[in-house]
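[1] from the sequence below, what's the structure:
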Amino acid sequence: MSKLPFSTVGAKPRNRFSARNLVLIIAGAGLLVTTYSFSCHSWSLGCQKPLATGQKIWNDDNPDRMKTFQQCAINNLLETGLPFMNNVAPIAVADFEERRDRLAQALVAEGADAFVVEPGYTFKYYGNVSQPEWEVWEPEERPFLMVVRPVHDGATGNVKANTTFLCPSFEVERARLLGMPFSEELSIVPWEEHWDPYAALWQSDVFLGLDRPARLMVDEEMRDFIQRGLGSAGFDVVGLQGQVEEVRQIKTAREVDILRAVNTGTVEAVRQMRKCLYPGLTENEMAAALDDALRAAGMEPFFDIVLFDENASNPHGGTNGTKVLEDETFVLIDVGAHLYGYPSDICRTFFPPFLEKPSKDDVLSPRMSEKLKVWDIVFEAQTQSINQMRENMTAASVDIAARDVIKVAGYDGTFTHRVGHGIGIKAHESPYLNKGNTASLLKTGMAFTSEPGIYLVDKFGVRHEDVLLVQGDKEPQILTGIRARGPWEP
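    This is a model prediction of the structure:
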């Protein structure tokens with residue numbers, strides 16, 4: 001995809017696909033698809049879709065059945081028309097400026113003179129540069145810092161952000177070429193290799209006029225040696241606090257649009273891939289096909305957890321991915337992808353499509369009966385946790401609501417992790433929804449996962465995960481489209 005100025009990932013993916021003259025290049029899959037028409041049949045091999053003459057599909061060393069499965073997952077997703085991509089756009093320059101202004105106002109409220117951050121998720125949020133985008137090789141020892149200060153606008157009296165960068169002298173031009181989202185020329189304090197960079201910042205005119213050491217706020221991404229360097233130069237360094245942390249926690253309308261698109265799209269990719277499953281697939285093969293489908297829709301996968309039956313009794317797996325799909329396999333998929341720099345984080349637990357859904361009169365094995373029972377318990381636990389996602393409820397209450405359902409159902413001790421976490425520019429961010437977090441209150445505009453689970457060692461695991469937006473005292477808005485409806489309708 002071509003890059004747009006200040007986009008956090010790239011150009012908006014196309015959201016209309018015809019059955020003619022479609023060309024997709026899927027990174028990492030070696031896939032070129034052109035001019036196709038097809039129909040689905042034969043679940044023994046997945047969804048069969050004829051290839052156009054001369055097509056090059058996947059790497060030649062992949063088994064034919066795997067090729068068919070991969071193509072089925074991609075085509076099924078594209079056939080939906082990708083409606084979740086409609087009306088979604090990357091973060092604009094004005095949005096970045098508004099973020100920095102809100103940060104400046106929060107700094108005043110917290111009594112800090114500046115917020116200092118190095119490339120990472122927080123830098124990405126305020127300046128659209130991640131750590132790999134600045135240091136493609138590895139995090140290095142030369143500090144490149146963004147310093148955001150609050151200043152009063154003389155014309156309006158409003159607090160605005162004034163931003164300066166501390167940058168190695170030989171990297172100044174590269175910093176300017178990053179195209180960071182500023183409407184004015186970048187203000188840069190350069191430092192030479194033989195200087196103390198922190199002293200260079202101290203001696204610059206950035207904090208001119210202060211009659212005391214400047215109070216700098218940093219977050220958890222700031223490396224220790226940089227914090228110590230700032231302190232030794234005379235700055236008063238403090239950790240992330242209150243309203244400054246809250247700036248990222250409260251999502252804007254554009255952030256919500258992206259989160260809704262990427263999370264709904266990821267769930268849809270899982271649903272469409274499920275239709276293509278056949279006996280004998282491995283966990284690794286399922287993950288690979290899901291990644292291909294996500295890329296075809298314009299998203300970039302960044303993690304997959306695909307676990308079958310007893311492997312899912314460990315919430316994050318740890319096995320080698322070679323377990324084989326069978327008729328009554330319970331499949332747990334936890335997956336994330338990026339769109340415009342924002343993540344999805346969803347989980348579904350389901351049966352494969354070639355297992356017929358039992359009727360109410362069917363006699364089930366004890367193992368199948370327990371799988372169905374546990375699926376329903378976890379779904380009810382998720383429902384109760386979602387019901388707690390209201391303004392001014394504690395983070396702890398959301399977790400406890402789910403935990404109580406599981407305990408009453410007789411599975412106390414099998415829900416081994418917190419019920420969820422905040423989600424934004426980073427997949428896992430504050431506030432965290434655990435039973436001990438009674439201090440954090442939910443606020444309108446915060447986005448969270450709800451992901452309760454039951455894990456039965458050496459048997460199976462069930463987890464449902466959706467992303468939700470707090471909306472005052474109303475029901476939270478689901479950002480994953482539609483919740484699962486059952487183990488045959490994830």
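
[2] which residues in the stretch 351-490 of the chain form helices?
    Per DSSP state H, counting those that start in this stretch, the stretch 351-490 of the chain has helices spanning 366-387, 395-408. These are given in chain order.

[3] repeat for the stretch 1-150 of the chain
    According to DSSP H, counting those that start in this stretch, the stretch 1-150 of the chain carries its helices in the segments 64-79, 93-110, 121-127, 131-134.

[4] for those helices, which one sits closest to Ala287?
    Comparing those by their distance to Ala287 (CB to CB), the top pick is helix 64-79, with 11.2 Å. For glycine as for every other residue, the C-beta is placed from the backbone atoms N, C-alpha and C.

[5] C-alpha coordinates for stretch 405-415, CSV please?
    Output of stretch 405-415 as CSV, limited to C-alpha atoms (Å, rounded to 0.1, in the frame of the first residue of the first chain):
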residue,chain,number,x,y,z
VAL,A,405,-20.3,-16.2,37.3
ILE,A,406,-17.5,-18.8,36.8
LYS,A,407,-17.3,-19.4,40.6
VAL,A,408,-21.0,-20.0,41.0
ALA,A,409,-21.0,-22.4,38.0
GLY,A,410,-18.5,-24.6,39.9
TYR,A,411,-15.3,-23.7,38.1
ASP,A,412,-13.6,-21.5,40.7
GLY,A,413,-9.9,-21.4,40.1
THR,A,414,-10.0,-22.1,36.4
PHE,A,415,-10.2,-18.4,35.4
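
[6] roughly how far apart are Ile386 and Asp404?
    14 Å (CB to CB, to the nearest Å).

[7] ok, then the element right after the stretch of helix or strand Ala287 belongs to?
    Assessed by DSSP states H and E, Ala287 sits inside helix 283-296. As assigned by DSSP H and E, the chain's next helix or strand after helix 283-296 is strand 300-308.

[8] between the helices of the stretch 351-490 of the chain, which one is nearest to Glu98?
    helix 395-408 (26.5 Å).

[9] buried set for the closest one?
    For helix 395-408, a neighbour-count test (16 or more other CB atoms under 10 Å) marks 395-403, 405-406 as buried.

[10] so what's Leu240 closest to, chain neighbours aside?
    Leaving aside its chain neighbours, Leu240 sits nearest to Asp219 (4.3 Å; criterion: CB to CB, 6 or more residues apart in numbering).

[11] confirm the one you found sits in a strand?
    No: assessed with DSSP: H, G, I helix; E, B strand; the rest coil, Asp219 is coil; it does not lie in a strand.

[12] one step back: dump the helices of the stretch 351-490 of the chain into CSV; add distance to Pro452 as well.
    Formatted as CSV, the helices of the stretch 351-490 of the chain follow (distance: least, CB to CB, whole Å):
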stretch, distance to Pro452
helix 366-387, 4
helix 395-408, 4
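
[13] can I get the ones you listed in CSV with mean pLDDT?
    As requested, the helices of the stretch 351-490 of the chain are exported to CSV (pLDDT from 0 to 100):
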stretch, mean pLDDT
helix 366-387, 98
helix 395-408, 99
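
[14] tell me which of the ones you listed lies nearest to Glu141.
    Comparing those by CB to CB, helix 395-408 comes nearest, at 36.9 Å.

[15] against Glu185, how distant is the residue positioned nearest the centre of the chain?
    In the chain, the centroid-proximal residue (CA atoms, centre = their mean) is Pro343; its distance is 2.1 Å. As defined by CB to CB, Pro343 lies at a distance of 32 Å from Glu185.

[16] same question, His417
    The value you get for His417 to Glu185, if CB to CB is used, is 47 Å.

[17] so the two - more neighbours on which side?
    Neighbour comparison, His417 and Glu185: the larger count goes to His417, with 14 against 7 (by other CB atoms under 10 Å).

[18] pretty sure Phe308 is touching Thr329, no?
    Yes: under the criterion of CB atoms under 8 Å, Phe308 is in contact with Thr329, at a separation of 5.0 Å.

[19] how's the protein carved up into domains?
    What the TED database lists as the domains of the chain is 93-249, 251-478.

[20] for those domains, give me JSON lines that also has distance to Pro490.
    Formatted as JSON lines, these follow (distance: least, CB to CB, whole Å):
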{"stretch": "domain 93-249", "distance to Pro490": "29"}
{"stretch": "domain 251-478", "distance to Pro490": "4"}
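
[21] nearest to Gln70, out of those?
    Using CB to CB, the nearest of the domains of the chain to Gln70 is domain 251-478, at 4.6 Å.

[22] next one: that closest one to chain centre, how far?
    Averaging C-alpha positions (CA atoms, centre = their mean, to the nearest Å) puts domain 251-478 13 Å from its chain's average.

[23] what's the end-to-end length of that domain?
    Terminal residues of domain 251-478 lie 14 Å apart, using CA to CA, to the nearest Å.

[24] please name the spatially closest residue to Glu221 (chain neighbours excluded).
    Nearest residue to Glu221, sequence neighbours excluded (CB to CB, 6+ apart): Gly120, at 4.1 Å.
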